[in-house]
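> need a 3D model of the sequence below.
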Amino acid sequence: MTQMVAQKARIAALEVERDQDIRRASRVARRDIATWYREILESLKDKWMSKKKGVSAEIQLHEEMEGDCEDLVASAAVSDWSISELDLPQVSDDSLDQVGGSSVPDDSASC
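Numbering: from 1, shown residues only. Predicted coordinates for the structure are as follows:
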């Protein structure tokens, strides 16, 4: 009978030790997973910050190009689009007749 009690005590001690080993292994596994996730998050954060810097630089470049284009458009702007200010040669009916005849038929020439 004493052997049976000793055997049960030994089994109980082994079960306690097994449970402790399982808990210890679970803690180590959770810690490893947490470390792995932390490394992934840090990597993603670094990539995101790098991308953010690249996008910021591209935005700044586009803003500078936009300003340059606006300056070019402003310097090429014409304040008065009317042709009355242009120095064009005057065209009269007589000059049209001399060049190749009038575009309007003359009834007196057919008689």
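> stretch 62-79: how far from the chain's middle?
Between the centre of stretch 62-79 and the centre of its host chain there is 23 Å, according to C-alpha atoms, centre = their mean, to the nearest Å.
> what comes up buried for it?
Within stretch 62-79, not a single residue qualifies as buried, counting by 16 or more other C-beta atoms under 10 Å. All C-beta spots, glycine's among them, are computed from the backbone N, C-alpha and C.
> tell me the mean pLDDT for it?
For stretch 62-79, the mean pLDDT works out to 85.
> hmm, who's touching that stretch?
Stretch 62-79 is contacted by no other residue when judged by C-beta atoms under 8 Å, 6 or more residues apart in numbering.
> now that stretch - C-alpha only, CSV.
C-alpha atoms of stretch 62-79 as CSV (Å, rounded to 0.1, in the frame of the first residue of the first chain):
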residue,chain,number,x,y,z
HIS,A,62,5.5,68.6,-58.3
GLU,A,63,4.8,71.8,-56.4
GLU,A,64,8.0,73.4,-57.7
MET,A,65,7.2,72.3,-61.2
GLU,A,66,3.7,73.7,-60.9
GLY,A,67,5.2,77.0,-59.7
ASP,A,68,7.6,77.1,-62.6
CYS,A,69,4.8,76.3,-65.1
GLU,A,70,2.7,79.1,-63.6
ASP,A,71,5.6,81.5,-63.9
LEU,A,72,6.0,80.5,-67.6
VAL,A,73,2.3,80.9,-68.3
ALA,A,74,2.3,84.3,-66.6
SER,A,75,5.3,85.5,-68.6
ALA,A,76,3.7,84.4,-71.9
ALA,A,77,0.3,85.8,-71.1
VAL,A,78,-1.1,88.3,-73.6
SER,A,79,-3.1,91.1,-72.0
